[in-house]
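>>> have a look at this fold, sequence not included:
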């Protein structure tokens, strides 16, 4: 049994690569399937807020002079 990745033989390296590829494809397929289930029900529209008249604010009771 190989306890180190450095002393492992070629077959052990191939097994590790194969398991990593299968796991990667599984995660990718899971992400695609979850994303495609959302459909059109999650489409949102943004409200438009139009700017009004300019306003001057002051931190004290003094009147603002323009």
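Looks like it arrived, so ask away. Note that the structure is a prediction, hence the values are computed from the model and not measured.
>>> secondary structure element for residue 50, which one?
Residue 50 belongs to no helix or strand when assigned by DSSP states H and E.
>>> that one and residue 8, how far apart?
67 Å (CB to CB, to the nearest Å). (C-beta placed from N, C-alpha, C; glycine too.)
>>> neighbour count winner among these two?
Using other CB atoms under 10 Å, the more surrounded residue of residue 50 and residue 8 is residue 8, with 14 against 4.
>>> so how far is residue 23 from the more buried one?
Residue 8 sits 19 Å away from residue 23, going by CB to CB.
>>> can you check residue 12 too?
17 Å.
>>> shaky segments in the protein?
1-2, 36-43, 57-59, 61-66 (pLDDT under 70).
>>> in three-state terms, label residue 11 for me.
Following DSSP: H, G, I helix; E, B strand; the rest coil, residue 11 is assigned to helix.
>>> number of residues surrounding it?
With other CB under 10 Å as criterion, residue 11 counts 9.
>>> now the helices for the chain?
Remark: helices assigned in the chain by DSSP state H are 10-36.
>>> looking at residue 12 and residue 23, which is more packed in?
Using other CB under 10 Å, the more surrounded residue of residue 12 and residue 23 is residue 12, with 13 against 10.
>>> residue contacts, residue 34?
The contact partners of residue 34, by CB atoms under 8 Å, 6 or more residues apart in numbering, come to none.
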